[in-house]
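Chemist: Below is the sequence, then the predicted model.
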Amino acid sequence: MDPLESVRSGCAWVAHKSVYVRVVGDSIQRYATALAAQDLSPPELDPTSHYLGDAEATLAFIVTLDTINFGSGYFPHLRKREGLSGYFTLATSLTEQFRALGPWNPDELLSLTADECAVLLGQHMEHPHIAELMGLYSRALNDLGRFLIQRHQGSFCNLVQSAAGSAARLVAELIHMPLFNDAGTYQGFEVPFYKRAQLMAADLALAFDRSGPGEFRDLARLTAFADNMVPHVLRWDGILEYSPSLAGHIDGQRPIPAGSPEEVEIRACAVHAVEMLSDALKNQGRPAPPMHIDYLLWNRGQQRRYKERPRHRTRTTFY
């Protein structure tokens, strides 16, 4: 099955069977009307925290960043830069690396160690969760180097060109790397999300203004990027409702195990709710693809009223 359709159909299936999370369908039209009054156009990448230089280096930056764009479940332990979230700490550190030394080549990616990742990100390895995260970043970057050498002649450009202008094809290619193969199991069936693989296509489109390496004819078919921020915003905006046991677990700041039914339901219901919102906006004459709604919700989640409330934390390589 087409990878984007498999995400969409799998998440809809989970949403209809879910036990711990419910999409509040009666609130979709009201919420869509409120969203229609917002700017639903995609944002621009912040050049202070995202390297935007010559085309080849910018392409390498986006691919490298989205290769290690995970770890939100570890971020409470991360040493963050003043005033920055975990994601922006990561993106800013990588931007400084690219500005100072340029991209890593595939052979360099293959040899990067956990200690070198810790130095890059300004982290101390004494904390076991941080040491684990740095090891995962090292593994992800090593995998990328190997993947580029074995499948794309050591070229970032060849990787993107292999998609032939299709976001779905780019996703299908990226998930050959284990840490990009983002899928859970629910009631014995595999449910894919492919969060970072989809996000790479979206980020390339932003970085290149939908031209050249960022031109994908099927960009509007991307789903929401299932993480822990968008469902958090949808919960507190009344679109997702959690069972008392799950709500208590999250509000008590206890981690949700990766791959658990609760975690799969949270992510799947968020993706399905965004699909419903996209359909409602289209019916209201204000069409907005899921990725645009995702951007709006993720950025809304940076507001204090959302930041002050605990969101679910899962130690995973997928988000």
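Modeler: Okay, I see it.
Chemist: Every contact and neighbour count from this point should use C-alpha atoms.
Modeler: Fine.
Chemist: ok, longest helix in this protein?
Modeler: Ranked by number of residues, the top helix in the chain under DSSP state H is helix 128-152.
Chemist: Kindly state the pLDDT recorded for the residue nearest to residue 242 when sequence neighbours are not counted?
Modeler: Nearest residue to residue 242, sequence neighbours excluded (C-alpha to C-alpha, 6 or more residues apart in numbering): residue 21, at 4.6 Å. With respect to pLDDT, residue 21 scores 98.
Chemist: One more: residue 73?
Modeler: As predicted, residue 73 sits at a pLDDT of 97.
Chemist: State the helix or strand in which it lies.
Modeler: Here residue 73, judged by DSSP states H and E, is contained in no helix and no strand.
Chemist: Compute the distance between it and residue 310, please.
Modeler: Note on residue 73: its distance to residue 310, by C-alpha to C-alpha, to the nearest Å, is 12 Å.
Chemist: Looking at the two, which one has more neighbours?
Modeler: For the pair residue 73 and residue 310, the greater number of neighbours falls to residue 73 (22 against 15), based on other C-alpha atoms under 10 Å.
Chemist: from what I can see that one touches residue 315, true?
Modeler: Yes - here residue 73 lies in contact with residue 315, judged by C-alpha atoms under 8 Å, at a distance of 4.3 Å.
Chemist: List the residues that are in contact with both of the two.
Modeler: Among the neighbours of residue 73, those also in contact with residue 315 (C-alpha atoms under 8 Å, 6 or more residues apart in numbering) are residue 255.
Chemist: about what we covered before: contacts for the next helix or strand after the longest helix of the chain, please.
Modeler: Sequence order places helix 156-161 as the next helix or strand after helix 128-152, per DSSP H and E. By C-alpha under 8 Å, 6+ apart, the surrounding residues in contact with helix 156-161 are 56, 59-60, 63, 148, 152, 170, 213.
Chemist: Can you give me the buried ones in helix 156-161?
Modeler: For helix 156-161, burial by neighbour count (16 or more other C-alpha atoms under 10 Å) applies to 156-157, 159-160.
Chemist: For those, could you give me CSV that also reports distance to residue 134 and pLDDT?
Modeler: Shown next, in CSV, are the buried residues of helix 156-161 (distance: C-alpha to C-alpha, whole Å; pLDDT from 0 to 100):
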residue, distance to residue 134, pLDDT
156, 23, 98
157, 27, 98
159, 25, 98
160, 26, 98
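Chemist: ok, so of the residues you listed, who is nearest residue 117?
Modeler: residue 156 (20.5 Å; C-alpha to C-alpha).
Chemist: Quick check: phi and psi at the residue nearest to residue 242.
Modeler: Backbone torsions for residue 21, taken as degrees, to the nearest 10, come to phi -130, psi 140.
Chemist: Quickly note the distance from it to residue 55.
Modeler: According to C-alpha to C-alpha, residue 21 stands 43 Å off from residue 55.
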